[in-house]
Structure formats: C-alpha cells, structure tokens
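Visitor: following is a predicted model, sequence given first.
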Amino acid sequence: MNATTTHSLELVHDIEHFLYQEAALADEHAYNDWLALWTPELLYWVPCNADNIDPTKKVSLIFDDRPRLEERLFRLGTKHAHSQNPRSRLSRIVGNVRLHNFDPATGGEVSSRFNLTEVRTDRITVWAGRQHHVLERHSDTWLMREKRVYLVNNDSVLGNMTFII
Amino acid sequence: MTQTIQFHPSRASGSEVGALVQDGRVHSSAFTDAEIFKLEQERIFEGTWVYIGHTSEVPKHGDYRARRMGRQPVLMIRNGEGEVQVLMNRCRHRGAMVCEGEAGNTKHLRCWFHGWVYDASGNLMQVPGQGAYGPEFDQKAMGLNKPPRVETYRGFVFASLNADVPSLSDHLGPAKAVIDLMVDASPVGELRVDAGVHKTVYKGNWKLVGMDGYHVHYVHASVIAAWNRDPDSGIAATHRGDPFDDESASRTRDLGHGHVMLDLTQHRMGHYDQFTAMLEKLPGGTDYIETMKAKHGEERSRLLISLAGDPHVGIYPNLQLINNQIRILNPISPEECEVIMFPVLFEGVSPEINALRLRQHESFYGPAGSGSPDDAEIFERVQKGMMAQVNPWLEISRGLHREEHGADGVITGRISDEVTQRGQMRQWRELMTAQTAQ
C-alpha cells in the first residue's frame, strides 16, 4: 500500500517535523530535551546481528526501557563518560518517511531512513539504516513510545556507539 | 638514567626479546613494534593453546563458526559423528577459504574456486573432473588440514598449531577451577552460547585488554556514579557495592601460564542476600536457588549464585570470561585489536533469568555499553601516548613488594595490584623466548 496517500499532507509534514526535531536533539546531545520526547513507558531498541532477533533470547546493541535509558543519559551527562569526551560531532539526514496504521487522533507507526555522519577525534564514521517510531498523541504534541534502529551493518564489527543513535 | 634497548627484530635473539620484560616494568616496543607483533603471532598465537569456541555454538551436524588462530582462518564445525572439529579454512587445491560465512550450517564445504567439496569432518568428497589427476592422486589424503592439537574442557574448545604443547589440562592448571565457576552456575552444568555476539574493535595493542582492578575508579567513574545513584540499577546489578576498593576482600591472582583473574569472590559473597532477592523476583528464580543448593550444597551454591557465573578470568592469550560473557581477542596489528563478546546463557533456567543476563551484559559491554567503549577509548590513548619515547618503559610494579606466593604456585595481591599484568607479561616473555629466531 502507498502509505502516505491516505493521510493529509499536513499530518505527514507534522510527523516529518517531529522526526527532524528528534534527530536534531540527538545530534546536539540535548539529552534532557530528547528524553522529554518519550512517553513514560518506552522502548529504545537497536538490534544486533540481524534485524529480526528475539531480544529475550539474543543480545541487542541497545534494549532500553525507561530506567535503563535514564541511566544511559545520566552516565553520558557525567564528566567521566570518556568515550564521549570529546563528544561525537553528529549530523543526520532523515528521509523516506512513511506512515503505517496511523490514526491522526491517536498516533501509530512511522518508518524512515537515516544517514548519520559522525566525526570524533579526526575519525569519520557513517551510520545508516532504517528507524521505526511508534508515536502517540499527547494533548498538543507527539511522543515516542518506541524507537527501533536497524543499522545496515548491525552484524559487523562496530566502534564507539555511545551517542544517541 | 634512561635505559634504551636497541631492538633489531631481523636478528632478534631470545634474550633481546626477553629484555623487554623486566621486574615491574615492560618496554613499550612490546606494544608498538611491528616485528614484535609478527613474532607474537608465531610464538604465542601459533605456539600455545588458543581458544576457538564453545561446543554449544555448534549443536547440530554441519553447524559452523569461522574463527582465527592468530592470523590463520579456521572453522569450528560439528561433523556427522557429532564431534566438534577444528579445520584449517583452506582448500587443499589452491588455498581458497572453503567457508566464507561467519556462522551457519552446512554439511558440505564447497570451494568456490574449482568446486572441490569436503564433508563436515574435512574429508575430500568430490573433485570435479577427477580423472584428469593421475593415479598418484590420493583423495583420502587430501582432506582439510587440522591443527595438530585440539582439546576441550567443559565445552571450551582449544586448539594449538604447536604439536609439542603440554596437555590442555596441564596448560589450564588452576584456571580449570575458575572455568568451573562459570559452567557450574548453570543448574544443569551447561552453558548456552547462542545469544549472538558483540563485535568491536579499537586502535590499540591486544595486550592492553588485561585484567585490571586498578582502572575501574577512573576509566569507569561514570558507571560508579550510576551505581551510587541507584544501587538497583542495571549497571550496578552485577557489582553490588564497590568490589574494586583496595581495602576490600577482592584479590588479583596470577594462576600461572599467563592465566590471571580479578577474584571478586569474597566481595560478592557478602552480597548473597541481595543477589537472591533479585533472583526471587524473577519467574524461576526460587527454583534456581533451590536446585543449586540441592546440587552443590549450601556453601558452594552460595558461591556460585553470588558470582552468577562470572569468574573474571583471562585465559592466556585470547580468552576472557568476564561477567556474563565469553570474550575472544583477535589481534589485527600492533595497533589494532578486535574484541568479540559472546553473552553466555544458562541451560536449565527460566527465560527471564537468561533475559536479565542479556540486559546486564548490554548495560556495560558492546559498542553502546557504558563500560567497554571507555576501555577502548583509554587503550587508544595509551597506544598514542606510548609513541613518546624519552623513557619507553611502562610501570607494572604496583604491589610487587606485597605479593603472596601460594604453595600451589598462585600469586595473589590486592585488587589494584599489578599481579595480573606481571603474570601475563611473564608468560609473554616465556613464550617469546622459548625459541630463538634464525
């Protein structure tokens, strides 16, 4: 199905804007503002070795509920997170946005692609993949209940991925 | 006064290489020199036992894992008789790798170059156009080559390219009892290494991944801050309290043959009640505790449950058992090392207990973990710093004056003492000087 044609351009634009805002806060290491984009219950998941793993049986790169995510951001906020000192300089492009099972009044699923350039200590790394958001309508704003990141190289040798992907 | 060593690898003698390791110090060329790296490959990775994999990774006929012995590609594969084989991943014809995948199942290994086919035991089954070879061609003798020595201890498969190594049992020595701590934490005494892998790399020498009880308060200060924020948090769950306090009951140990450990046993035993309380909140947790008591008795079950299968040991040269993981080091160059981490699950426990083990592993290890990326970061800074050569010695004398030498040959120190670094470098010197270059 052509996912976007059933929705108004206004809605699509609104969702795209949310994804761009999320990407900008992640790129800027704005941990508190980024955390504020989440619902109280949440799942931040980056699978490893394959896209379709069962996280209760296989290891992930990140499988955070709210306490684990808050702990991650707390640690990054200390002065001693050496692998982010200096921080990665990040710039990501988000595109190919498609809405799935989406109700403009309550929310639904959004898939997109991202291409993230990272520069740290004179080393340049390209991260790319699909991302999958579950968004919920909360009064006048959207919030993320799930964010899943499917890296194209999640089965490869990976370096430092301690920033918000 | 600064003492320099003139090192000329092309005419290196054992004594020259041996001089790089002295009481309480190591010459940094052991970490930076390309010729030394080559010698390490020959004399260490091709000269002693190296870890290949765990039998549970290849449960069925044809299951394989591509691994390395130093620079050399090998396969661990289960054959039709149910035996785990280690085969050199090299066609007997023109040398191509016969298995290009990293993991999978295949009953036959087919070389893409000219179609030679081997079975999972390495026997040569088929040569296209075989009639073109003369009567001297002996198909039976043309199977895949195997390392001269392969032995297994409790599912841990080791191989050696040196036929003259002592038995694996003698090589491991006291380290066997430490491996037991991991295996016996499963209520049925069996591990499951099938939860995937974290593969990382850092730009630093492979020997920098030591067993170091001194660095924790500094490199992992951010994690300690998280422990202090919430003692029940994910990161803290495997390390109640601070086992790396120098006044704590934690110890460093040199078990011989380069095998070294951070022995956190006494500290962890002190937190038995908190560990069991955490387990009892999980489905199957009470069963696990009861089964362990019935099987191992009160005293050993307390030890096994407190440690949760974490011996914190380095088995020289390429294996480490730390927290919930089996870790393999693959040196790539003097300045680059791959670290692959396999989370270990237990047979015979609830899915929830194993899922918790995965979450604990992810919290500290892997590319996005809270701990290992900081380790990698400091290793890279060490590698860069070592290029400053006014005084090229590294200091590893901490606690040298207070080492305790046990009757069993085990050397013990406090948790921040460099007993472990000395033990590994002593074995390095032993292996590097065991034979001299031409």
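Guide: Looks like it arrived, so ask away.
Visitor: tell me how many other residues crowd whichever residue of the stretch 201-350 of chain B sits closest to chain A.
Guide: Nearest residue of the stretch 201-350 of chain B to chain A, counting by CB to the nearest CB: residue B:221, 3.6 Å away. Yep, even glycine has a C-beta here, placed from its N, CA and C like the rest. By other CB atoms under 10 Å in any protein chain shown, 17 other residues sit near residue B:221.
Visitor: for it, what are its contacts?
Guide: Listed by CB atoms under 8 Å, 6 or more residues apart in numbering or on different chains, the contact set of residue B:221 reads A:78, A:80.
Visitor: and residue B:208, by the same measure?
Guide: So residue B:208 contacts B:31, B:337, B:379, B:382-383 (CB under 8 Å, 6+ apart).
Visitor: which two of those residues have the greatest separation?
Guide: B:337 and B:382 (11.9 Å; CB to CB).
Visitor: ok, the one helix or strand residue A:108 maps to: who's next to it in the sheet?
Guide: According to DSSP states H and E, residue A:108 maps onto strand A:107-120. Sheet pairing of strand A:107-120 (DSSP bridges) gives strand A:89-103 (antiparallel), strand A:123-138 (antiparallel).
Visitor: ok, and what's touching it?
Guide: Applying CB under 8 Å, 6+ apart, the set of residues contacting strand A:107-120 is A:15, A:19, A:23, A:86-102, A:124-137, A:142, A:145, A:160, A:163, A:165.
Visitor: if we use 6 Å, what do you get?
Guide: Contacts to strand A:107-120, defined as CB atoms under 6 Å, 6 or more residues apart in numbering or on different chains, come from residues A:15, A:19, A:88-102, A:125-128, A:130-137.
Visitor: around chain A, pick out the residues from chain B.
Guide: B:195-196, B:199, B:201, B:221-222, B:225-226, B:233-234, B:343, B:351, B:355, B:358, B:362, B:366-368, B:370, B:373-374, B:377 (CB under 6 Å from any CB of the partner chain).
Visitor: strands - which of those land there?
Guide: Residues from those lying in strands, with DSSP state E as the criterion: B:199, B:201, B:343.
Visitor: touching, the last one and residue A:60? I think so.
Guide: No: shown here, residue B:343 and residue A:60 do not form a contact pair, counting by CB atoms under 6 Å, at 10.1 Å.
Visitor: residue contacts, the most centrally placed residue in chain A?
Guide: The residue lying closest to the centre of chain A (CA atoms, centre = their mean) is residue A:147, at 5.1 Å. By CB under 6 Å, 6+ apart, the contact set of residue A:147 is A:44, A:133.
Visitor: which of the contacts of residue B:208 are buried, as a PyMOL select command?
Guide: Restricted to buried positions by 16 or more other CB atoms under 10 Å in any protein chain shown, the PyMOL selection for the contacts of residue B:208 reads:
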select buried, chain B and resi 31+337+379+383
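Visitor: now render the contacts of residue B:208 as a markdown table, adding distance to residue B:65, secondary structure and pLDDT.
Guide: Shown next, in a markdown table, are those (distance: CB to CB, whole Å; DSSP: H, G, I helix; E, B strand; the rest coil; pLDDT from 0 to 100):
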| residue | distance to residue B:65 | secondary structure | pLDDT |
| --- | --- | --- | --- |
| B:31 | 29 | helix | 97 |
| B:337 | 20 | strand | 97 |
| B:379 | 26 | helix | 97 |
| B:382 | 31 | helix | 98 |
| B:383 | 29 | helix | 98 |
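Visitor: run through who's touching stretch B:249-266.
Guide: B:171, B:173-175, B:178, B:211, B:213, B:243, B:267, B:312-316, B:409-413, B:415, B:417, B:419-420, B:423-424, B:427.
Visitor: end to end on stretch B:13-31, go ahead and measure it.
Guide: Taking CA to CA, to the nearest Å, stretch B:13-31 runs 18 Å from one end to the other.
Visitor: you'd agree residue B:291 is up against residue B:187?
Guide: Yes: here residue B:291 reaches residue B:187: they are 4.3 Å apart, a contact under CB under 6 Å.
Visitor: so between the two, which is more surrounded?
Guide: residue B:187 (23 against 16).
Visitor: and the more buried one, what does it touch?
Guide: Counting by CB under 6 Å, 6+ apart, residue B:187 has contacts B:288, B:291-292, B:348.
Visitor: and it, helix, strand or coil?
Guide: Here residue B:187 is coil, with the state taken from DSSP: H, G, I helix; E, B strand; the rest coil.
Visitor: how far away from the center of its chain is the helix or strand the residue nearest to the centre of chain A falls within?
Guide: Using DSSP H and E, residue A:147 sits in strand A:141-151. Remark: strand A:141-151 is offset 6 Å from the chain centroid, using CA atoms, centre = their mean, to the nearest Å.
Visitor: ok, of the contacts of stretch B:249-266, which come out buried?
Guide: Looks like these have B:171, B:173-175, B:178, B:211, B:213, B:243, B:267, B:312-316, B:410-413, B:415, B:417, B:419-420, B:423-424, B:427 buried, using 16+ other CB under 10 Å.
Visitor: show only the entries of the residues you listed found in strands.
Guide: Using DSSP E, the buried ones among the contacts of stretch B:249-266 in strands are B:313-315, B:411-413.
Visitor: related to what we said a few turns ago, and the furthest pair within the contacts of residue B:187?
Guide: Across the contacts of residue B:187 (CB to CB), the longest gap, 10.1 Å, separates B:292 and B:348.
Visitor: who's in contact with stretch A:49-67?
Guide: With CB under 6 Å, 6+ apart, stretch A:49-67 has contacts from A:42, A:44-48, A:150, A:155, B:195-196, B:343, B:351, B:355, B:358, B:362, B:366, B:368.
Visitor: ChimeraX command for the buried members of those residues?
Guide: Filtering these down to the buried ones (16+ other CB under 10 Å) takes a single ChimeraX command:
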select /A:42,44,45,46,47,48,150,155 /B:195,196,343,355,358,362,366,368
